[in-house]
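> structure, please.
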Amino acid sequence: MSLLTLGSVAFDTLESPFGRRERTLGGSGVYASFAASFFTHSALIAAAGDDWLPEYSGLLRARGVDLEGLEIRANTKTSFWSGRYFANMNDRETLQYDGNVMSGDYIPIVPESYRDIEYVLLGNMSPLSGMALLDALHSPKLVVADTMDFYIRTMRDSLMTLLTRVDGLILNDSEAAFLTGIEHSDLRAAQRLLEFGPQFVVVKRGEYGAFWMTKEGEIYVVPAYPTLNVVDPTGAGDSFAGALLGCLAESRDLTPDNIKQALLYATVVASLNIEGFSLERFQFVKRAEIDERAKRFKAMLA
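Residues are numbered from 1 along each chain as shown. This next block holds a predicted model:
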């Protein structure tokens, strides 16, 4: 089974207590599609400018990411983000963001071979781009959106419309509070989010893990993996989302056991991603290493 991800490809300039990288590979689509490829056939829809580096495409293809949907547009620039992480590695400051080719009015071009893909992840993108993609697909089985505070602030009405068209929503605890106005209870915020349209909500809670809540009141909880070597948290949430949907596409069924397994694997994959800048660590990860860390994680939880 395949997973189709709509997300950005970008250049990131990153700074953390462990160093700095200039114009390295980033973007929600990069991290999510890369993470999903450990579990299932992973296809990416995105756009880059004519400053895109071919070696970055080669890096993604080497992992098995299908790039038929990656459009290189002439006379445009690839998206760019610059940020700085503080000592606790949880808080960060955005120094610069340029949407460029993937700005709010970006309309994805969908290859014909993608139109029948049943599992879809709408990454941290404009809700208008997400709805344009859904209009081009034939009959997706599972659609999940991953949003961020930028679009909650700037495109709230469009985001609310998108939420009526998706099966699931992934966001972090601060975004859940921002979107619902409920600041003192993640569970109550999740309940409120379910009233907006999704059948389930996944709330990421940083060092406290994540939980999945359904309209029927079912709740599945996973703690964070205890990672000592946190170098760069960029893309952790995107990697979590990509691995989560990749696992669900691999299992093809939203049974409680499959959901719990997907949450556990998503947490493990995100923990591996943050152990290096950009894909410097992630690109050398093998499925066997993921399985071994998942095995250790299960033993911890037991």
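
> any idea of the mean pLDDT for the longest helix along the chain?
In the chain, taking DSSP state H as the definition, the longest helix is helix 256-273. Mean pLDDT, helix 256-273: 97.

> try stretch 87-101
Mean predicted confidence for stretch 87-101 is 85.

> identify the residues contacting that stretch?
Contacts with stretch 87-101, where a contact means CB atoms under 8 Å, 6 or more residues apart in numbering, come from 13, 16-17, 47-49, 73, 76-86, 106, 150, 206-207, 230, 233. Heads up, the C-betas are built off the backbone N, CA and C, glycines and all.

> weed out the non-buried ones from the residues you listed.
Neighbour-count burial (16 or more other CB atoms under 10 Å) is assigned, among those, to 13, 16, 47-49, 73, 76-83, 85, 106, 230, 233.

> what is the neighbour count of residue 92?
Using other CB atoms under 10 Å, residue 92 has 16 neighbouring residues.

> and it, how close does it get to residue 239?
Going from residue 92 to residue 239 by CB to CB, to the nearest Å gives 16 Å.

> what residues are bridge-paired with residue 142?
Beta-bridge pairing for residue 142 (DSSP bridges): residue 119.

> do you know the pLDDT at the spatially most central residue of the chain?
By CA atoms, centre = their mean, the chain has its centre lying nearest to residue 238, at 2.5 Å. The per-residue pLDDT reported for residue 238 equals 96.

> show me the strands in the stretch 51-200 of the chain, by range?
Along the stretch 51-200 of the chain, counting by DSSP state E, counting those that start in this stretch, strands occupy 65-72, 79-85, 92-98, 119-122, 142-146, 168-172, 200-204.

> partners of whatever helix or strand comes next after the last one, with directions?
Counting by DSSP states H and E, the element after strand 200-204 in chain order, helix or strand, is strand 210-214. In the sheet containing strand 210-214, its partner strands are strand 200-204 (antiparallel), strand 219-222 (antiparallel), by DSSP bridges.

> run through the stretch 151-300 of the chain and note the low-pLDDT ranges.
Applying pLDDT under 70 to the stretch 151-300 of the chain flags no residue at all.

> quick check: bridge partners of residue 214?
With DSSP bridges as the criterion, residue 214 is bridged to residue 200.

> just to revisit the earlier point, quick one, which of the strands paired with strand 210-214 is packed in tightest?
Among these, strand 200-204 has the highest mean neighbour count (mean count of other CB atoms under 10 Å), at a mean of 24.

> is it true that residue 35 touches residue 236?
No: here residue 35 does not reach residue 236: they are 9.9 Å apart, not a contact under CB atoms under 8 Å.

> which one of these two has more residues nearby?
Each of residue 35 and residue 236 has its neighbours counted (other CB under 10 Å); residue 35 has more, 34 against 22.

> now the helices for this protein?
Under DSSP H, the chain gives helices at 28-36, 54-63, 127-136, 149-154, 156-163, 173-180, 186-194, 236-251, 256-273, 287-301.

> now the ones you listed as CSV including distance to residue 225?
Formatted as CSV, the helices of the chain follow (distance: least, CB to CB, whole Å):
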stretch, distance to residue 225
helix 28-36, 14
helix 54-63, 21
helix 127-136, 29
helix 149-154, 24
helix 156-163, 29
helix 173-180, 18
helix 186-194, 19
helix 236-251, 11
helix 256-273, 4
helix 287-301, 6
